[in-house]
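> pasting a predicted model and its sequence here:
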Amino acid sequence: MITAERLREIAFWSAELTEEEIERARRGMTEKAFAKGAYICHKGDKFDPWLGVVSGLVRLGTVSQKGKSVTLAGMRAGGWFGEGSVLKKEARQYDLVALRDAKLALMASATFFWLFENSAGFNRFLVTQFNERIGQFIALVEFDRSLDATAKVARNIAWLCNPVLVPRAGNHLDITQEEIGLISGVSRQAVNAALQTLEQKKLLRVGHGGIAILDLDKLSHYED
DNA sequence: GCATTAACAGCCG
DNA sequence: CGGCTGTTAATGC
């Protein structure tokens, strides 16, 4: 169980909840630490909590039939995910790996369903979250030709900084080029080249162990 | 051609 | 010093 104050810190959506709903939410939640490289769950697991990243970086991915690993998305601190599997009471559709030491918040599915049945604020948040994800998905399908490495990197960085999915993100992203590679499905060297291209176009600025976002909108629509 | 792996020097904290 | 970055060379699809 976590305190009401802790809930405010780690869960931006709690701002939409009434006192009673906050009480329910915090009683149904715990925090858990994962070491770098650790699996949070595997594809096919019956793992029921809804998840939020409190600190660290998490990779959502899977393994194709041919055996190569495919990354679906990265999730940074402040992001919440997994509501699809919880709502449908189904097994996880992907692997979750901590790319560095991470702390996650876990909400029991019974609590999630209670909020779903009783809280207007929580439902407003859920609809907003789904809507934003659909928007990302549409943007992905819109460009049927495959993206080059620079475009993949640009889009994945933009997703990590989505202000609706991660409202407190700000303009700075603490992430190494290797981590961007793991999330984007591109080698570290290709990430390095991509970042330099994007910096020249003034869409972002590269620093040591992090980047500053200058033009999120252009990053999210970037085509080579 | 473009991207990947491997290897390495240099830089930053 | 250890981790991260920027580059180059060799290899693969």
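Noted; the coordinates are in hand.

> only C-alpha atoms for contact and neighbour calcs from this point on.
Will do.

> output the lowest mean pLDDT helix or strand found in chain A.
Every helix and strand in chain A was compared by mean pLDDT, DSSP states H and E; the lowest is strand A:69-76, with a mean of 88.

> what's it in contact with?
Residues from elsewhere that reach strand A:69-76 (C-alpha atoms under 8 Å, 6 or more residues apart in numbering): A:53, A:55-64, A:156, A:160, A:182-185.

> quick one: buried ones out of the residues you listed?
Neighbour counting by 16 or more other C-alpha atoms under 10 Å classes A:53, A:55-62, A:156, A:160, A:182-185 among these as buried.

> out of those, list just those in strands.
A:Val53, A:Ser55, A:Leu57, A:Val58, A:Arg59, A:Leu60, A:Gly61, A:Thr62 (DSSP state E).

> any idea of the pLDDT on the second one?
To tie it back to what came earlier, the one meant is A:Ser55. If you check A:Ser55, the pLDDT there is 96.

> what residues are up against A:Phe208?
Careful, residue A:208 is His and not Phe. Per C-alpha under 8 Å, 6+ apart, neighbours of A:His208: A:Thr176.

> now, which of the buried ones among the contacts of strand A:69-76 sits nearest DNA strand B?
Nearest to DNA strand B among these: A:Gly185, at 5.9 Å, using C-alpha to the nearest atom of the strand.

> spell out which residues sit in contact with the closest one, please.
Contacts of A:Gly185 (C-alpha under 8 Å, 6+ apart): A:Val70, A:Thr71.

> look up how far DNA strand C lies from it.
15 Å (C-alpha to the nearest atom of the strand, to the nearest Å).

> next: A:Phe113.
The value you get for A:Phe113 to DNA strand C, if C-alpha to the nearest atom of the strand is used, is 38 Å.
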